[in-house]
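Trainee: I'd like to go over a predicted model; first the sequence, then the structure.
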Amino acid sequence: MRLLPLATRNLMRNPRRTAISLAALVVGVGAMVGLRGFINGQQRVVLENIVLGQVGAIQVHRTGYLANVQGSPLTLDLEDSPALRERLSRVDGVTGVAPRIVFGGMVSLPDATEESEDAGRTGYLLLTAYDPELEPRVTPRRLTWLAEGAHLSGGDTPGLLLDADMARSLRATVMEPSVDEEAWPALLAADREGVLNGEAVRLTGTLVGAPLGDQRQGYVPLGTAQRLLRMEGRVTEYALSVANLEDVHAVRDAARAVLGPGYEVHAWDDVLPFVAQLVRHQDFIFAIVTLVFLLTVLLGIVNVMLMNVLERVREIGTLLAVGLRRRHVVSLFLLEGAVLGLLGGVLGAGVGWGVTWWLGRQGIHLPAYGTTADSVIRPHISGLYVVRAVGLATVGAALAALWPAYRASQLRPVEALAHS
């Protein structure tokens, strides 16, 4: 600690060189913090689109459902009872409960007529049936994806929402309520016994912006699906919303404890593990980029410290001649690097945090074609990451000075004093 004031004064002996190294550190650490904040904001937008727009934070099924989910197993259904909904809604952290039926089916347009030569097309798709009054509590983001028409309404109205690309491929158009039922598309699906059933549905609207990129998606009211599949009073899953998405796993475990055996409860990353894996891969790539960027900056510090050693050979020889131990010489140069890294890290982290905070307040608007609302990225950064960035800069700068410090400690006093 007695060497610390000396190390600080030594950095001011060549202010221009110190300022250049300090600027490089500020830019490096600031860019690292700012880029991490942008990636955090981007990941949050993607996850909120998936969680709040499609799957929901938590899903409740009958045991064995998720293992057979690709077959859309209607036989692994649940009784849609008020008592079960009440049990789920009382779980600490749950803010909404929405019943659903997920099933496969196809949409067939009426035969061609003189007015519509493009009719008669058929498309296969994955359908989600939900209660139009309860579902917005779980997936409110879907409300912003409306491209044309209107969302599903409550009651027994047999409506249909399609992905906009799917509707274009079928050449299906949004229909007004006054359109004759004979012109409505037919929704066909097999029930639990494998019997094919059909019901006329009106295309009420089209959606865009689904983050998973699957065009073969459709949505119908829960009552319509229950009639079509002969599943009155039955559902295949409950979707739950949570107060804080960061607490989703704790709420999931609490729901498991409440329901007991016979049910399986999964968080969104259990249902879509590839999305969570994609986020981890993105974090890993960012860590590599950060490491390469920081190493590039630290190489400049190595050069600065080597120049300091070359310029202070006689001074180092004098210190060694008067009894300063070699380990103290190493400590002196390491402290110079650490002080430079600490100062640059604090300034850089402050700049990066400030830019991230400002962008988070303003938001980065990404226009989405055809949607009713733009996607807004709001960068954010945690205090822990800022502290880690400062610590990484400090330790990295000290390690960058290690080789020059060792070179300085190995000088022989007689030779160093004779150096000109």
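Mentor: Done, it's in.
Trainee: what's the burial count for Thr318?
Mentor: Thr318 has 14 neighbours, counted by other C-beta atoms under 10 Å. To be clear about C-beta, it is placed using only N, CA and C from the backbone, and glycine gets the same treatment.
Trainee: quick one: it from Ser81, how far?
Mentor: Thr318 is 88 Å from Ser81, where distance means C-beta to C-beta, to the nearest Å.
Trainee: element containing the residue nearest the centre of the chain?
Mentor: Centroid check for the chain by C-alpha atoms, centre = their mean gives Gln43 as the closest residue, at 2.4 Å. Using DSSP states H and E, Gln43 falls within helix 15-50.
Trainee: would you mark the buried spots in that helix?
Mentor: For helix 15-50, the neighbour count (16 or more other C-beta atoms under 10 Å) marks 18, 21-22, 24-42, 45-47, 49-50 as buried.
Trainee: quick check: the residue nearest to the centre of the chain vs Ala129, distance?
Mentor: Going from Gln43 to Ala129 by C-beta to C-beta gives 30 Å.
Trainee: do I have it right that Thr204 meets Leu146?
Mentor: No: Thr204 is beyond contact range of Leu146, at 9.9 Å (criterion: C-beta atoms under 8 Å).
Trainee: ok, the two, which is more surrounded?
Mentor: Shown here are Thr204 and Leu146; by other C-beta under 10 Å, Thr204 has more neighbours (25 against 21).
Trainee: can you pull the contacts of that one?
Mentor: By C-beta atoms under 8 Å, 6 or more residues apart in numbering, Thr204 lies in contact with 149-153, 159-161, 174-175.
Trainee: from these, pick the one nearest Gln362.
Mentor: The shortest gap between Gln362 and any of these belongs to His151, at 29.9 Å (C-beta to C-beta).
Trainee: one step back: packing partners for the helix holding Gln43?
Mentor: helix 273-311, helix 326-362, strand 375-377, helix 383-400 (3 or more C-beta pairs under 8 Å, 6 or more residues apart in numbering; DSSP states H and E).
Trainee: quick check: which ranges of the stretch 51-200 of the chain have low pLDDT?
Mentor: Along the stretch 51-200 of the chain, the parts satisfying pLDDT under 70 run over 69-72, 111-120, 155-156.
Trainee: in it, which spans are strands?
Mentor: Secondary structure of the stretch 51-200 of the chain (DSSP state E, counting those that start in this stretch): strands at 58-62, 78-79, 94-108, 122-130, 146-149, 159-163, 186-190, 196-200.
Trainee: what's the spacing between the helix holding Gln43 and its chain's center?
Mentor: Offset of helix 15-50 from its chain centre (C-alpha atoms, centre = their mean, to the nearest Å): 18 Å.
Trainee: okay, the angle between that helix and helix 273-311?
Mentor: Angle of helix 15-50 versus helix 273-311, following axes from the mean of the first three to the mean of the last three C-alpha atoms, to 10 degrees, is 180 degrees.
Trainee: let me know the average pLDDT across helix 15-50.
Mentor: On average, the pLDDT along helix 15-50 is 88.
Trainee: on that earlier part again, let me have the strands of the stretch 51-200 of the chain in TSV, extended by distance to Arg314.
Mentor: Shown next, in TSV, are the strands of the stretch 51-200 of the chain (distance: least, C-beta to C-beta, whole Å):
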stretch	distance to Arg314
strand 58-62	71
strand 78-79	84
strand 94-108	72
strand 122-130	79
strand 146-149	76
strand 159-163	76
strand 186-190	89
strand 196-200	95
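Trainee: please identify the deepest-packed of those strands.
Mentor: For the strands of the stretch 51-200 of the chain, the largest average neighbour count (mean count of other C-beta atoms under 10 Å) is found in strand 159-163, namely a mean of 26.
Trainee: burial count for Gly218?
Mentor: 23.
Trainee: hmm, I was thinking of Gly64
Mentor: Residues near Gly64, counting by other C-beta under 10 Å: 12.
Trainee: wait, what's in contact with it?
Mentor: Per C-beta under 8 Å, 6+ apart, neighbours of Gly64: 73, 76, 264.
Trainee: ok, 6 Å please
Mentor: Going by C-beta atoms under 6 Å, 6 or more residues apart in numbering, Gly64 touches Leu76.
Trainee: and what of Ala401?
Mentor: Counting by C-beta under 6 Å, 6+ apart, Ala401 touches 305, 333-334, 337.
Trainee: which residue packs closest to it, ignoring adjacent ones?
Mentor: Taking C-beta to C-beta, 6 or more residues apart in numbering, and ignoring the residues beside it in sequence, Ala401 has Gly337 as its nearest neighbour in space, at 3.0 Å.
Trainee: list the contacts of the one you found.
Mentor: 397-398, 400-401.
Trainee: how does it look with 10 Å?
Mentor: The contact partners of Gly337, by C-beta atoms under 10 Å, 6 or more residues apart in numbering, come to 7, 11, 21, 298, 301-302, 304-305, 308, 394-402, 404-405.
Trainee: how does this structure divide into domains?
Mentor: Domain ranges of the chain: 4-49+276-418, 64-260, per automatic domain parsing.
Trainee: can you redo the ones you listed as TSV with distance to Ala57?
Mentor: Converted to TSV, the domains of the chain look like this (distance: least, C-beta to C-beta, whole Å):
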stretch	distance to Ala57
domain 4-49+276-418	10
domain 64-260	5
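Trainee: gap between Arg378 and Glu48?
Mentor: Counting by C-beta to C-beta - Arg378 and Glu48 are separated by 10 Å.
Trainee: again with Val91
Mentor: Taken as C-beta to C-beta, the span from Val91 to Glu48 is 21 Å.
Trainee: surely Val208 meets Gln217?
Mentor: No: counting by C-beta atoms under 10 Å, Val208 stays clear of Gln217, with 11.2 Å between them.
Trainee: my guess is Val33 meets Val351, correct?
Mentor: Yes: between Val33 and Val351 there is a contact at 7.9 Å, judged by C-beta under 10 Å.
Trainee: by neighbours, which of the contacts of Ala401 wins?
Mentor: Counting by other C-beta under 10 Å, top hit in the contacts of Ala401: Gly337 with 29 neighbours.
Trainee: that one and Met305, how far apart?
Mentor: Going from Gly337 to Met305 by C-beta to C-beta gives 6 Å.
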